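Asks: Give me a model of this one.
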Amino acid sequence: MGGVTEYLVNMKKNLISKSKIAGLSRRLKGQGKKVVFTNGVFDIIHRGHVEYLRKAKSFGDILIVGLNTDGSVRRLKGESRPVQSQTDRAVILLALRMVDFVVLFGEDTPDRLIKLVRPDVLVKGADYKFNEIVGASFVRSYGGQVKRVKLTSGRATSTILRRLR
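Replies: Coordinates of the predicted model:
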């Protein structure tokens, strides 16, 4: 039972509220850590997600993942999504060793969250052009980097859901 309890304690410790994320990010940077931020729905975790998150983590020391809340996913993807709740998605992300912290956000874009985190590196998939990446100009304005990660071919949640239907 100790293992499960310890896991749940760590999960709660690493699921950070928006009200605490700015302070956490400042503390980490003050310790000389390079903070990386990415965001997404992460509804059905698959190989593409794992490879993407591994590459994102390689750009720094700490990976913070902004996770869309259930309400924002419904607005962005439709009423049939998400398949898994925000809590389940957060637990799964935090079980991946490359993810250090998860923060939920309910807006349609992570713009406000990026301004709170002020990451050293902002990461999105290569399916986005630099001018389409929310927060890119802000991150560059203070000397941060914006990186695009090539996505794993044929690996997408929508593809998995089509196969299941």
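Asks: can we go C-alpha only for contacts and neighbour counts from here?
Replies: OK.
Asks: which residue is nearest the middle of the chain?
Replies: In the chain, the C-alpha nearest the mean C-alpha coordinate belongs to residue 65, at 2.4 Å (C-alpha atoms, centre = their mean).
Asks: That residue: which element?
Replies: For residue 65, the element it lies in under DSSP states H and E is strand 62-68.
Asks: would you put the C-alpha positions of the helix or strand where residue 146 lies in CSV?
Replies: Here residue 146, judged by DSSP H and E, is contained in strand 145-149. Taking C-alpha atoms only, strand 145-149 is exported to CSV below (Å, rounded to 0.1, in the frame of the first residue of the first chain):
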residue,chain,number,x,y,z
GLN,A,145,13.6,29.7,-27.3
VAL,A,146,10.8,28.2,-29.3
LYS,A,147,11.3,24.6,-30.6
ARG,A,148,9.2,22.5,-32.9
VAL,A,149,9.3,18.8,-32.6
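Asks: What lies in contact with that strand?
Replies: Contacts to strand 145-149, defined as C-alpha atoms under 8 Å, 6 or more residues apart in numbering, come from residues 52, 55-56, 120-126, 128, 130, 136, 139-140.
Asks: So in that sheet, which strands flank it, and in what orientation?
Replies: Next to strand 145-149 in the sheet, as set by DSSP bridges, lie strand 121-125 (parallel).
Asks: Skip ahead from the strand it pairs with and say which helix or strand is next.
Replies: Next along the chain after strand 121-125, taking DSSP H and E as the criterion, comes helix 136-141.
Asks: what does that following helix contact?
Replies: Applying C-alpha under 8 Å, 6+ apart, the contact partners of helix 136-141 are 115, 118, 119, 120, 121, 122, 130, 145, 146.
Asks: And the buried ones among those residues, selectable in ChimeraX?
Replies: Remark: buried members of the contacts of helix 136-141, expressed as a ChimeraX selection using 16 or more other C-alpha atoms under 10 Å:
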select :118,119,120,121,122,130,145,146
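Asks: Now the contacts of helix 136-141 in JSON lines, please, with extra columns for distance to residue 48 and pLDDT.
Replies: Below are the contacts of helix 136-141 laid out as JSON lines (distance: C-alpha to C-alpha, whole Å; pLDDT from 0 to 100):
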{"residue": "115", "distance to residue 48": "27", "pLDDT": "98"}
{"residue": "118", "distance to residue 48": "26", "pLDDT": "98"}
{"residue": "119", "distance to residue 48": "23", "pLDDT": "98"}
{"residue": "120", "distance to residue 48": "24", "pLDDT": "98"}
{"residue": "121", "distance to residue 48": "20", "pLDDT": "98"}
{"residue": "122", "distance to residue 48": "18", "pLDDT": "98"}
{"residue": "130", "distance to residue 48": "20", "pLDDT": "92"}
{"residue": "145", "distance to residue 48": "22", "pLDDT": "98"}
{"residue": "146", "distance to residue 48": "20", "pLDDT": "98"}
